[in-house]
Structures are given as structure tokens and as C-alpha cells.
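Visitor: below: sequence and its predicted model.
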Amino acid sequence: MDATRALREIAFWLEREGAPTYRVRAFRRAAAVVDDLPDLDKRVASGRLTALEGIGRTTAAVIEAAHRGEIPDYLARLRSEVDVPEHGRRLRAALRGDCHTHSDWSDGGSPIAEMAVTARELGHEWMVLTDHSPRLTVARGLSAERLREQLEVVAGLNERLAPFRILTGIEVDILSAGALDQDEDLLAELDVVVASVHSDLRMAAPAMTRRMCAAVANPHVDVLGHCTGRLIGDRKRPQSTFDAVAVFEACRDNGVAVEINSRPDRLDPPRELIRLARDIGCEFSIDSDAHAPGQLDWLAYGCARAEECEVPADRVINALPADDLLARR
């Protein structure tokens, strides 16, 4: 087994299970060191791997085992502990891409290229890069100038990664009155726009309803992101209140997909709202909202919820080829 690949896969599984960032970085850093080593055979034979900056006892043991052609114990354990939902496998197999991902241009932890390569390794044909808009300063949201710079970077990466495609996008904040937090002309240039509420989450229901309906009526919006804003698990946050029938009817009438957010700490919207949106006739986007490569595999959780709620694959926009997705705009 290739040592670099083993280290990167360990980082992937650690990210998927939500391990602390420092642990993930330790394995990625070790992978980078091994990549630059001209004399790995000699280093392993001498037992002096830990003398290298960025390699400790744990990562050295992984490298030595992989170099012997074995699956490292650390990697074998992580593989055996992967939590794969029982439901959703049929729908997961139908997905061709992911409409909601982040890179280190905003609050993600990895470069665009690393996110894209991992998405390709997972079998995606495409992914949409949706870093945050400028108002979300805590997430290093992109100004119009930085977003235009990112578009040039994506164009270059697409030349290298073809036929895999990175589609241009943004997760744009829905401001308090329903306007969008980015230049309208620039939004028109993007392939996919995910609009999400990140502030004033406790707004009164009538105002929140007007806010969300105004946003999805904007012709540039393609997906309504994590619509209730809830957080579950250790970071609990109650869901926002709004007239879900009115919001989902607005989504249906404006051709905006309702996101089924797959993050384990969100799983948003709740099942009863997924069923309501389904009955109203909405389309859906099952997204990872990944902020790191390993989190791209969280799509399985959203697919499980969608399948439990009997969402048909022909109403899931990321089951489309990229050209068909773009034709919806």
C-alpha cells in the first residue's frame, strides 16, 4: 500500500467522523513530508522516520506498515468504524455531484484542488464550490473582488481536472429584508447560488417568512440552504420559525430546490418538513455542506433521510449531469 495514500485516507476518515482538526492535519502534514522524500526506502530501513519534522510515532508506524505492503492498523480500525446508514444507498448511487461545499477561501479547511480531487475519488462528476458571501466575516466571506479571483482559479483547475468539473457558486447570505449579500451582476455569472439564513435566526415567523420568500424569488437563487438553521447534538440551536407552506410553495413556483443538508450537526430540514416540501412539489438538493474533504462523504446521511421521506431521485437536482443542472438556470 502507498504510504502517502494511507496517510491521506486516514485524514479523510478522521474528517468524516468529525475528529479535531489538529489530528487531521498531522496525517496530511506527514503525507506531504513523504511526498517530498527522495529516499523513503532508506529512511524506513534506518528507523529514523521520526527524526523528520512533521512525522511522529503514530504517523511513522502508518508509513512503515504501508511501505511493507500492509494495511496499517490505524487505517484498518477507521475503515471498520465507518458509520454508513442502512437507508439511502440507492439514492446515494444516483447522485452525480454536490451543490454545497466550502474551501479555505472562506471557512473551509482545505484548498479547492484538494476538495475537488476528493470529490472525484468519491465518484462525483462535479461539485459546486460555494464559499460564503462577505457579510459572514467570521467565515472570511468573499468580497466581489475575491470571488472574481476565485473564478479564475476554478477555470484553471477545471483544465487540469477535466472531465471532472468544479462549478462556480456561492453560499450567499439572505439579509434581514430578503436581499442577497452579493452583487447581482456577479451572482448572474455563477453556475449555482445557494441562499441561506445565517443571522437573526430568532426573527418573528411572519418576518422570517417574508425574508425567505423574497430570497427564493430572486432569479439568481437555485437552492435554499439549511432552511431552519437548526443545530443538533452538542451544539444545539432551535430551528427558526416561518410559514413552511408559504416558503416551500415559493421554492416550487420559482424553481428553487430545497436543500437536504447532510451535516450530522444539522440534518436540516427535519423529516416532517422534507415530507411537506415533497408533497408541495418541491425539488431537492442533497448536499454535504462540506468544509473539509472527508466531510464530502456525509452525503450518505442526507440520502438516508431523503429515502426515508420517499423523495424520488428525479426530483433531486444533484442527480443530474452538470450540463442538465446548468440548463435549469
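Guide: Arrived safely. Residues are numbered from 1 along each chain as shown.

Visitor: would you confirm that residue 109 contacts residue 21?
Guide: Yes - applying CB atoms under 8 Å, one finds residue 109 in contact with residue 21, separated by 6.4 Å. In this view, the C-beta of every residue, glycine as well, is placed from N, C-alpha and C.

Visitor: okay, those two: which has more neighbours?
Guide: The residue with more neighbours, out of residue 109 and residue 21, is residue 109; 20 against 11, by other CB atoms under 10 Å.

Visitor: from residue 47, how far off is the more buried one?
Guide: Counting by CB to CB, to the nearest Å, the gap from residue 109 to residue 47 is 32 Å.

Visitor: so which bits of stretch 15-29 are buried?
Guide: Across stretch 15-29, burial judged by 16 or more other CB atoms under 10 Å covers 15, 16, 18, 19, 24, 26, 27, 28, 29.

Visitor: looking at these, spot the one nearest residue 170.
Guide: residue 15 (22.9 Å; CB to CB).

Visitor: so which strand or helix has that closest one?
Guide: For residue 15, the enclosing helix or strand under DSSP states H and E is helix 3-16.

Visitor: what does residue 117 give?
Guide: Element membership of residue 117 [criterion: DSSP H and E] is helix 112-121.

Visitor: and the following helix or strand past that helix, C-alpha only, in PDB?
Guide: On the C-terminal side of helix 112-121, the closest following helix or strand by DSSP H and E is strand 126-129. C-alpha atoms of strand 126-129 as PDB (Å, rounded to 0.1, in the frame of the first residue of the first chain):
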ATOM      1  CA  TRP A 126     -18.900  17.600 -10.500                       C
ATOM      2  CA  MET A 127     -19.100  19.700  -7.400                       C
ATOM      3  CA  VAL A 128     -20.200  23.300  -6.800                       C
ATOM      4  CA  LEU A 129     -17.800  25.500  -4.800                       C
END
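
Visitor: quick one: contacts for the residue lying closest to residue 8 once chain neighbours are set aside?
Guide: Closest residue to residue 8 apart from its sequence neighbours, by CB to CB, 6 or more residues apart in numbering: residue 31 at 5.1 Å. Counting by CB atoms under 8 Å, 6 or more residues apart in numbering, residue 31 touches 3, 4, 7, 8, 11.

Visitor: what do you get for residue 65?
Guide: Residues near residue 65 by CB under 8 Å, 6+ apart: 1, 6, 71, 72, 73.

Visitor: just say helix, strand or coil for it.
Guide: Following DSSP: H, G, I helix; E, B strand; the rest coil, residue 65 is assigned to helix.

Visitor: please report how far it lies from residue 81.
Guide: Taking CB to CB, one finds residue 65 at 18 Å from residue 81.

Visitor: repeat for residue 89
Guide: Distance, residue 89 to residue 81, by CB to CB: 19 Å.

Visitor: neighbour-wise, which of these two wins?
Guide: With other CB under 10 Å as the criterion, residue 89 and residue 81 differ in neighbour count, and residue 89 comes out ahead with 14 against 9.

Visitor: quick one, domains of the protein?
Guide: Using automatic domain parsing, the domain ranges for the chain come out as 3-80, 89-327.

Visitor: dump these to CSV, plus mean pLDDT.
Guide: Output for these, formatted as CSV (pLDDT from 0 to 100):
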stretch, mean pLDDT
domain 3-80, 93
domain 89-327, 97
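
Visitor: buried deepest among those domains, which one?
Guide: Of all the domains of the chain, domain 89-327 has the most neighbours on average by mean count of other CB atoms under 10 Å, namely a mean of 20.

Visitor: show me the contacts for residue 161.
Guide: Shown in contact with residue 161 (CB under 8 Å, 6+ apart): 113, 116, 117, 120.

Visitor: contacting residues for the nearest residue to the first one once chain neighbours are set aside?
Guide: What it means is residue 113. Leaving out its chain neighbours, the residue that sits closest to residue 113 by CB to CB, 6+ apart is residue 157, at 5.8 Å. Applying CB under 8 Å, 6+ apart, we find residue 157 in contact with 112, 113, 116, 166.

Visitor: now do residue 72
Guide: Here residue 72 is in contact with 1, 6, 10, 61, 62, 65, 66 (criterion: CB under 8 Å, 6+ apart).

Visitor: what's near enough to touch residue 164?
Guide: Residue 164 neighbours (CB under 8 Å, 6+ apart): 116, 119, 120, 124, 125, 126.
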